[in-house]
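J.: Following is a predicted model, sequence given first.
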Amino acid sequence: MKLEELTIDRITDLLLHQEFHVKVNFTEKIWSNDELIKLFIKYGYFDFPDPGMNNAERKEYVNNGLKKLNGTKSLKKLIEYIADPRVYISKGISIEDVINYLNKLLIYDGYELQEKDLRHKVVKVKRAQKNKPISKSAKGGRPPDPKIAERNKQLNKDYYNLTEKEGCSRKKALNTLHIEYGLAKTTIEKYIK
């Protein structure tokens, strides 16, 4: 799972609860220093800062940890863990707020948290391009050329004439059409019915 730097920065804010208003009577941090260190060790970031780190050091530690895990399966697992409702029991924060916040971020990178079996899983989603109408020809490839359709129709007629009316073998008819139309024999085989 690969996220843009801005998404990483905003997830850092979430882990430091700088984006959420907690209940008035809640005075502790959502994630203590020890909890942050254990969280990142669990998912493969083995930097051991001072457990008494200040707010600036916490932000740097969390941001560096997320950047180090970026592009790995561990980042996906970490995000699924921080989207687990059990993490926020008695923490003064709504899991719905966390999920909504993460989804608003992840959608820019082509991901989304979807609930499955009482847990949220990160899934890849297609990003819609804004202000771009979806047309019938949006299937890709170039538009059909009427000249090619006409040529292929004539190719079928000529093949029929050579094999049925003139009695040529399939191989001889393909050779003749190959010379006449300048197409590969396999291409001619593709268009004859």
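T.: Yes, it's here.
J.: Which residues outside stretch 105-112 are in contact with it?
T.: Identification of contacts with stretch 105-112 by C-beta atoms under 8 Å, 6 or more residues apart in numbering yields 1-4, 6-7, 10-11, 79, 103, 113, 122-127. All C-beta spots, glycine's among them, are computed from the backbone N, C-alpha and C.
J.: got any ranges where the chain has weak pLDDT?
T.: Within the chain, the stretches with pLDDT under 70 are 18-29, 127-140, 193.
J.: Show me where it has its helices.
T.: Secondary structure of the chain (DSSP state H): helices at 5-15, 33-42, 55-69, 73-82, 95-106, 146-160, 170-181, 185-191.
J.: Show me how the record splits this structure into domains.
T.: According to automatic domain parsing, the chain is divided into the following domains: 5-124, 146-191.
J.: most tightly surrounded among the ones you listed?
T.: Highest mean neighbour count of those: domain 5-124, a mean of 16 (counted as mean count of other C-beta atoms under 10 Å).
J.: how near is residue 169 to residue 87?
T.: Distance from residue 169 to residue 87, counting by C-beta to C-beta, to the nearest Å: 76 Å.
J.: Would you agree residue 51 is in contact with residue 35?
T.: No. Residue 51 lies out of contact with residue 35 (C-beta atoms under 8 Å); the separation is 10.5 Å.
J.: So what touches stretch 170-179?
T.: By C-beta under 8 Å, 6+ apart, the surrounding residues in contact with stretch 170-179 are 155, 158-159, 162-163, 168, 183-185, 188-189.
J.: re the thing from before, closest one to residue 117 among the helices of the chain?
T.: helix 73-82 (11.9 Å; C-beta to C-beta).
J.: okay, the angle between the closest one and helix 95-106?
T.: Note on geometry: by axes from the mean of the first three to the mean of the last three C-alpha atoms, to 10 degrees, helix 73-82 and helix 95-106 are set 150 degrees apart in direction.
J.: Taking helix 55-69 as reference, get the angle to helix 73-82.
T.: Relative orientation of helix 73-82 with respect to helix 55-69: 130 degrees, computed using the same axes, to 10 degrees.
J.: Ok, which of the helices of the chain comes nearest residue 118?
T.: Among those, the nearest to residue 118 by C-beta to C-beta is helix 95-106 (11.0 Å).
J.: next one: that closest one to chain centre, how far?
T.: How far helix 95-106 lies from its chain's middle: 17 Å, per C-alpha atoms, centre = their mean, to the nearest Å.
J.: Return the backbone torsion pair for the residue lying farthest from the centre of the chain.
T.: Centroid-distance maximum for the chain: residue 166 at 57.6 Å, with C-alpha atoms, centre = their mean. In terms of degrees, to the nearest 10, the main-chain angles of residue 166 are phi -90, psi -10.
J.: what's the closest non-adjacent residue to residue 68?
T.: Excluding its sequence neighbours, the residue lying closest to residue 68 (C-beta to C-beta, 6 or more residues apart in numbering) is residue 45, at 5.0 Å.
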